[in-house]
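[1] can't give you the sequence, but here's the structure:
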DNA sequence: CTAGAATAGCGAACACTGATCGCAATTATG
DNA sequence: CATAATTGCGATCAGTGTTCGCTATTCTAG
């Protein structure tokens, strides 16, 4: 009977005795990330990852209890791409915006992150680092701890949302174009039918190009409202 | 060669000639929703839904091109649970909060919504209705259309986030409890190690119970920041 | 140094999944 | 009525996550 470790972050990476493992968690995650970046998250199967590692698919289960855990490793890995040395520590808003800017870049580099469950609990070590630095940026604000945690949650949710719409519009593949045209046709039909006047009005003004500046603009307003001042 | 309808919302529900279909889209969606509510989204398979409808799984593909489309039908179906008659139309913030409150209720009734991709484009008719009413609530605000659309996006993202954390903490099953304990142990370990002082500080204050009031509080601040005043 | 125990790698298989094909039954249209 | 379009569906396919049992390796205890 084994001790059941629910989370991969609490389970030791390797056993104390016995043969040494041939791979590391980071190495496995890196392979998964590379695959997802190039062919999509759907192509990240136990077999494909194992083959890229030069082994059998059953061996992967020595490192990971399920495919979901593998994806969790991948998510935490890309969370490690953020550089905290750019944070000046003098202006909380500037630091949070710097974090948001980098976070957006991570999403654009790894669009499959959007297909990943936005977990708030059971964060990996690198996600915890991110949280720590986000809280650090707000250290001079006189707010309750849970209010700050709340703010970080909203912050990351907004970044995720904006990156998502940006990625949707940026898709240049034939499938993406088809989808965009279909959506446009759908909305045009609805607006033309006249049953949705407010939507028609909102769509009348040309939409702003989504970019890093939009992210900063929205984040600034949201954070000011949320944190006061 | 058929005309390829990318979106299910642009495809006619039934052909003009030939035998009449035995089911409706809404009926199929209802079966899926019932299944997902009781056994989870993972239990919504083509076979299980078809069996609940009293037919073969291949027949489902006469209504739906893929499982994802089936899920899209389900999502749009629960979007129909929102009652817009409660909107007074006199105070934009009050109306938006009323929408948020109902939206939260929908999430709590159908937790599997969180496992669903948060699509911004290609909305179903009921999602479009929601959007229309949200925009209607803001009709007296003098803002660009795309700014209002932006606000609705952030709005729904925040509701989704808060409902998600609420559902995570509310889970009472043995598996959920295990997960919660594991997460708590993980954080305790990190805090004890001393490498995350800001996180430790934030966790020192007891977290506020997530509920409908929290949603309104956060939404109010976010919307005030986003829409000005 | 040796015996035993714990661990890693993995071929083969299992249960299931989404999806397709071709045919028979049904129904509106010309 | 004949034709063409459409539906229902049994059978089947390729592919998935995961498990089992075995062998090979490597650390620890004596």
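    It's in. Small disclaimer: the values here were computed from a predicted structure and weren't measured.
[2] interface residues of chain A facing DNA strand D?
    A:16-20, A:44-48, A:57-58, A:61, A:65-68 (C-beta under 7 Å from any atom of the strand). (C-beta placed from N, C-alpha, C; glycine too.)
[3] near DNA strand C too, which of those?
    Of the residues in the residues of chain A next to DNA strand D, proximity to DNA strand C by C-beta under 7 Å from any atom of the strand holds for A:16-20, A:57-58, A:61.
[4] rebuild the residues you listed as TSV, extending it with secondary structure and pLDDT.
    Shown next, in TSV, are these (DSSP: H, G, I helix; E, B strand; the rest coil; pLDDT from 0 to 100):
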residue	secondary structure	pLDDT
A:16	coil	81
A:17	coil	82
A:18	coil	79
A:19	coil	84
A:20	coil	88
A:57	helix	97
A:58	helix	97
A:61	coil	97
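[5] if we can go back for a sec, among the residues of chain A next to DNA strand D, the buried ones, what's the ChimeraX command?
    To isolate the buried ones among these in ChimeraX, judged by 16 or more other C-beta atoms under 10 Å in any protein chain shown, type:
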select /A:44,46
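[6] output the ones next to DNA strand C among the residues of chain A next to DNA strand D in a markdown table; the columns should cover distance to chain B.
    Below are those laid out as a markdown table (distance: C-beta to the nearest C-beta, whole Å):
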| residue | distance to chain B |
| --- | --- |
| A:16 | 19 |
| A:17 | 24 |
| A:18 | 25 |
| A:19 | 28 |
| A:20 | 25 |
| A:57 | 21 |
| A:58 | 23 |
| A:61 | 20 |
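[7] which among those gets closest to residue B:227?
    Lowest distance from residue B:227 to these (C-beta to C-beta) belongs to residue A:61, with 50.3 Å.
[8] helices of chain A, start to end?
    Using DSSP state H, the helices of chain A run over residues A:25-39, A:46-53, A:57-60, A:67-79, A:92-109, A:125-137, A:145-170, A:174-193, A:197-204, A:212-227.
[9] what helices or strands is the second one leaning on?
    Packed against helix A:46-53, as judged by 3 or more C-beta pairs under 8 Å, 6 or more residues apart in numbering or on different chains; DSSP states H and E, are the following elements: helix A:25-39, helix A:57-60, helix A:67-79.
[10] nearest to residue B:208, of the ones you listed?
    Smallest distance to residue B:208 across these (C-beta to C-beta): 26.3 Å, for helix A:67-79.
[11] relative to helix A:125-137, how tilted is that closest one?
    Inter-element angle recorded for helix A:67-79 and helix A:125-137: 40 degrees (by axes from the mean of the first three to the mean of the last three C-alpha atoms, to 10 degrees).
[12] which residues sit against helix A:67-79?
    A:8, A:25-26, A:28-30, A:32-33, A:36, A:41, A:44-46, A:49, A:60, A:64, A:106, A:109-110, A:113, A:116, A:119, A:123-127, A:129-130 (C-beta atoms under 8 Å, 6 or more residues apart in numbering or on different chains).
[13] and if we set it to 6 Å?
    A:8, A:25, A:29, A:32-33, A:64, A:106, A:110, A:116, A:124, A:126-127, A:130 (C-beta atoms under 6 Å, 6 or more residues apart in numbering or on different chains).
[14] going by distance to DNA strand D, which of those wins?
    Proximity to DNA strand D was ranked across the contacts of helix A:67-79 by C-beta to the nearest atom of the strand; first place goes to residue A:64, at 7.5 Å.
[15] for stretch A:116-133, buried residues please.
    A:116, A:118, A:120-124, A:126-133.
[16] least confident pick among the residues you listed?
    Lowest pLDDT of these: residue A:121, 79.
[17] ok, the nearest residue to that residue once chain neighbours are set aside - how many residues close by?
    For residue A:121, ignoring the flanking residues on the chain, the nearest one in space by C-beta to C-beta, 6 or more residues apart in numbering or on different chains is residue B:183 at 4.6 Å. Neighbourhood size, residue B:183 [other C-beta atoms under 10 Å in any protein chain shown]: 20.
[18] quick one: find the helix or strand in chain A with the lowest mean pLDDT.
    Least confident helix or strand of chain A, by mean pLDDT, DSSP states H and E, is helix A:174-193 with a mean of 83.
[19] and for residue A:42, the neighbour number?
    Other residues close to residue A:42 by other C-beta under 10 Å number 10.
[20] per-residue pLDDT, it?
    Residue A:42 carries a pLDDT score of 97 in this model.
[21] chain B contacts on chain A?
    Proximity of chain A to chain B (C-beta under 6 Å from any C-beta of the partner chain) is limited to residues A:6-7, A:9-10, A:120-122, A:132, A:135-136, A:139, A:144-146, A:148-149, A:153-154, A:157-158, A:161, A:165, A:168, A:178-179, A:182-183, A:186, A:196, A:198-199, A:202, A:205, A:207-208, A:221-222, A:224-226.
[22] just the buried residues from the residues you listed, in ChimeraX please.
    Buried residues within the residues of chain A next to chain B, by 16+ other C-beta under 10 Å, are selected in ChimeraX with:
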select /A:6,7,9,120,121,122,132,135,136,145,146,148,149,153,154,157,158,161,165,168,179,182,183,186,196,198,199,202,221,222,225,226
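[23] can you list contacts of stretch A:94-110?
    Contacts with stretch A:94-110, where a contact means C-beta under 6 Å, 6+ apart, come from A:78, A:81-82, A:86-87, A:113, A:134, A:137, A:159, A:163, A:212, A:215-216, A:219.
[24] and with 8 Å instead?
    A:33, A:36-37, A:78-79, A:81-83, A:86-89, A:113-114, A:130, A:133-134, A:136-138, A:155-156, A:158-160, A:162-164, A:166-167, A:170, A:212, A:215-216, A:219-220, A:223.
[25] what subset of these is buried?
    Buried among the contacts of stretch A:94-110 (16+ other C-beta under 10 Å): A:33, A:36, A:78-79, A:82, A:87, A:113-114, A:130, A:133-134, A:136-138, A:155-156, A:158-160, A:162-164, A:166-167, A:215-216, A:219-220, A:223.
[26] please name the nearest non-neighbouring residue to residue A:149.
    Leaving aside its sequence neighbours, residue A:149 sits nearest to residue B:202 (C-beta to C-beta, 6+ apart; 5.4 Å).
[27] spit out the contact partners of that neighbour.
    Residue B:202 touches A:135, A:145-146, A:148-149, counting by C-beta under 8 Å, 6+ apart.
[28] could you dump those to CSV with pLDDT?
    Output for those, formatted as CSV (pLDDT from 0 to 100):
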residue, pLDDT
A:135, 98
A:145, 95
A:146, 93
A:148, 97
A:149, 96
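[29] nearest to DNA strand D among those?
    Using C-beta to the nearest atom of the strand, residue A:149 comes nearest to DNA strand D of the contacts of residue B:202, at 30.3 Å.
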